[in-house]
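Colleague: okay, here's the prediction I keep looking at, along with the sequence it came from:
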Amino acid sequence: MPLFDLREIHFAYRGGPPVLSEVSLNLEPGERLAIAGPNGAGKSTLLHIMVGLLRPSRGSVHAFGEERRAEADFHEVRRLAGLVFQDPDDQLFCPTVAEDVAFGPLNLGKSRAEAMAIVDDVLDRLRLGDFRNRVTHKLSGGEKRLITIAAVLAMEPEVLLLDEPSNALDEETCARLMEILTGLPQAMVLVSHDRPFREAVATRTLALRGGRLEAVSD
Ligand SMILES: Nc1ncnc2c1ncn2[C@@H]1O[C@H](COP(=O)(O)OP(=O)(O)OP(=O)(O)O)[C@@H](O)[C@H]1O
């Protein structure tokens, strides 16, 4: 059974032109699906539809075996699918890195001690241990990006939805992120303009153009 199954999705922002027309998408367990496509093609919009932050005007979203329509249906989807936003400032709001990474696990009902153990483990895996007590809003763009990825991994989602994960990362950090992502068992959708990144990480690539998804040979 696919983890996500979107069928013939249509979407336009209020008063705007159509952004998505007849987009169908499947995500199978273990897959790392990359989505390429020009600026403004609707890639972020599609990720937001997958977790119910936006609702399509037509078409259906099935996730984790059930059709999801109402806001309440998407609460479970957002717990099982972790979205890393394109802009880290939309995601980080705590004073320190440790608190930002602990926020998700605490919200899922972990104790303070359990959450802190998860924080240490995730930061270690990403080699970000030195950032633990740093003030989040004083981090660089690339550092913030890594912390948002840590924060989502800390929630142990079944699916990762990553919007431009390699944005603002230097070569060495990007290589480390590629290694981390390819080592994870989770299925993921990677929206990325970065072709070498897609080639290294994705098991399949689609391009969103003119409101439609098409196969590409990356
Ligand atoms: N909140 C909004 N209200 C109105 N229009 C919007 C809104 N958000 C995005 N758009 C428009 O919808 C279209 C798709 O935007 P989206 O951010 O999904 O594209 P994208 O493919 O992720 O682009 P990029 O590669 O530049 O990040 C664009 O034309 C954008 O201007």
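Modeller: All right, it came through fine.
Colleague: got phi/psi on Ile180?
Modeller: phi -60, psi -50 (degrees, to the nearest 10).
Colleague: that should have said Ile9, apologies.
Modeller: Dihedral angles (degrees, to the nearest 10) for Ile9: phi -80, psi 130.
Colleague: how about it, what does it touch?
Modeller: By C-beta atoms under 8 Å, 6 or more residues apart in numbering, the contact list for Ile9 reads 20, 22-25, 46, 49, 56, 58-61. The C-beta positions use only the backbone N, C-alpha and C, and glycine is treated the same way.
Colleague: give me the beta-bridge partners of it?
Modeller: When bridges are called by DSSP bridges, Ile9 pairs up with Val23.
Colleague: for this structure, what lies in contact range of the ligand?
Modeller: Proximity of the chain to the ligand, by C-beta under 6 Å from any ligand atom, involves residues 13, 16, 19, 37, 39-45, 86.
Colleague: please repeat the previous calculation with a cut-off of 8 Å.
Modeller: Contact residues (C-beta under 8 Å from any ligand atom) of the chain with the ligand: 13-14, 16-17, 19, 37-46, 48, 86, 163-164, 191, 193, 208.
Colleague: looking at these, which are in helices?
Modeller: 43-46, 48 (DSSP state H).
Colleague: got TSV for those residues, with distance to Pro95 too?
Modeller: Converted to TSV, those look like this (distance: C-beta to C-beta, whole Å):
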residue	distance to Pro95
Lys43	32
Ser44	27
Thr45	31
Leu46	33
His48	27
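Colleague: farthest-separated two in those residues?
Modeller: Lys43 and His48 (9.9 Å; C-beta to C-beta).
Colleague: who has more neighbours, the two?
Modeller: Lys43 (26 against 18; other C-beta atoms under 10 Å).
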